[in-house]
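Undergrad: Return atomic coordinates for the entry below.
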Amino acid sequence: VQLVESGGDLVQVGGSLRLSCVVSGYTLSRSCMGWVRHAPGKEREGLAGIYTTDGSTYYPDSVKGRFTISRDAAKNIVYLQIDNLKPEDTATYYCGAVQAYCPYKLRDYTYWGQGTQVTVS
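TA: This next block holds a predicted model:
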């Protein structure tokens, strides 16, 4: 199982980014795919989850309206669109997968990517 994130960058406040997570060696049926970020000195924060069976999406209140998760089932790619970027969004963003319903707090996954860095200045 391999998850590979990309799309992280140095961006200005108010900008947008789309992160991608390419999944291989894993069947995404009946699974939750999600995004988590980790900034130095802070706890891991679950940002979004998508349940592959029906496309249901989940977000914590803290990011609703700015973060959008989506999936290209044919290409096995999961995206995270981030709009109106703020300095506090600076972190390493990770893609995760678990063969279950989306986890509580959207941050406990079985499989992980290596992360992609987002820096907002």
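
Undergrad: Give the residue spans of the chain that score low on pLDDT.
TA: Of all residues in the chain, none has pLDDT under 70.

Undergrad: Please enumerate the strands of the chain.
TA: 2-6, 10-11, 17-24, 32-38, 45-51, 57-58, 67-72, 77-82, 91-98, 111-112, 116-120 (DSSP state E).

Undergrad: closest to residue 105 out of those?
TA: Of all those, the one in closest proximity to residue 105, counting by C-beta to C-beta, is strand 45-51 (4.9 Å). In this view, the C-beta of every residue, glycine as well, is placed from N, C-alpha and C.

Undergrad: Identify the residues contacting residue 25.
TA: 1-2 (C-beta atoms under 8 Å, 6 or more residues apart in numbering).

Undergrad: Of the strands of the chain, flag the one that's most buried.
TA: Mean neighbour count, computed with mean count of other C-beta atoms under 10 Å, is highest for strand 32-38 among the strands of the chain, reaching a mean of 24.

Undergrad: Give me the contacts around it.
TA: Residues outside strand 32-38 that contact it (C-beta under 8 Å, 6+ apart) are 19, 21, 23, 44-52, 67, 69, 71, 78, 80, 89, 91-98, 100-103, 106-107, 109, 115, 118.

Undergrad: What of stretch 110-120?
TA: Around stretch 110-120, the neighbours that count as contacts under C-beta under 8 Å, 6+ apart are 1, 3-13, 15, 17, 19, 21, 26, 37-38, 82, 85-99.

Undergrad: end-to-end on it?
TA: Using C-alpha to C-alpha, to the nearest Å, one end of stretch 110-120 lies 29 Å from the other.
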